[in-house]
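Trainee: structural data only, the sequence is not supplied:
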């Protein structure tokens, strides 16, 4: 079974631009979570989707948004990019829906975003 | 603030030694997980322990959970150079089933 696929792997953008990152979960997984990882802040939760609905959101500004499609694929968008948005963006999928969370997250290898 | 906090932040040991990492958290949880991350890659799930369990083993890994102290430990026995990575604990609060929160991680270096 294929793992979680994130595209693109690397991205370089300029301040003020916007970017869209894509995540394809493991087949059969309907929950997708997004995380931002930086050396200073570690892994920060962005949001989680299940069945095209955002179930929970982290403490990020409205410039960060996401969505999930009917095939469970997910995208996240960052508008008006800032230098501080440079990070590794990780997507993870899991098998079981809420309320049970006793299954692991399966991560992709991330998209490395550099904002100049 | 983050739910989980690992200790120590960095650990350097010789191959063959045991490595112990600790994790503390703040609120009641459903379960606690440990993940490993090799440099620049995604995280890999190692082990999950439920809130009603006290100890769990998987190969060279041993995880303990003390819900009264809100803490967990990960022990890697007979470490290998390939164990060099960052290790994260992750928790989901009982009040929020959809959000898994990660600690800052422990960077482990195993010297051959």
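Mentor: Cool, the structure landed. Model, not experiment: these values are computed from the prediction.

Trainee: quick check: closest non-adjacent residue to residue B:99.
Mentor: Spatial nearest neighbour of residue B:99, excluding adjacent residues (C-beta to C-beta, 6 or more residues apart in numbering or on different chains): residue A:56 at 4.5 Å. Quick note: C-beta positions are derived from backbone N, CA and C, even for glycine.

Trainee: in terms of helices and strands, where is the one you found?
Mentor: Assessed by DSSP states H and E, residue A:56 sits inside strand A:53-57.

Trainee: any idea of the angle the helix or strand following that strand forms with strand A:53-57?
Mentor: Next helix or strand after strand A:53-57 toward the C-terminus (DSSP H and E): strand A:64-68. Inter-element angle recorded for strand A:64-68 and strand A:53-57: 140 degrees (by axes from the mean of the first three to the mean of the last three C-alpha atoms, to 10 degrees).

Trainee: how about whatever helix or strand comes next after strand A:64-68: buried residues?
Mentor: On the C-terminal side of strand A:64-68, the closest following helix or strand by DSSP H and E is strand A:74-78. By neighbour count with 16 or more other C-beta atoms under 10 Å in any protein chain shown, strand A:74-78 contains the buried residues A:74, A:75, A:76, A:78.

Trainee: same check on stretch A:83-94?
Mentor: Buried residues in stretch A:83-94, counted by 16+ other C-beta under 10 Å: A:85, A:86, A:87, A:88, A:89, A:90, A:91, A:92, A:93, A:94.

Trainee: what's the closest of the residues you listed to residue A:50?
Mentor: Distance to residue A:50 across the buried residues of stretch A:83-94 (C-beta to C-beta) is lowest for residue A:94, with 9.2 Å.
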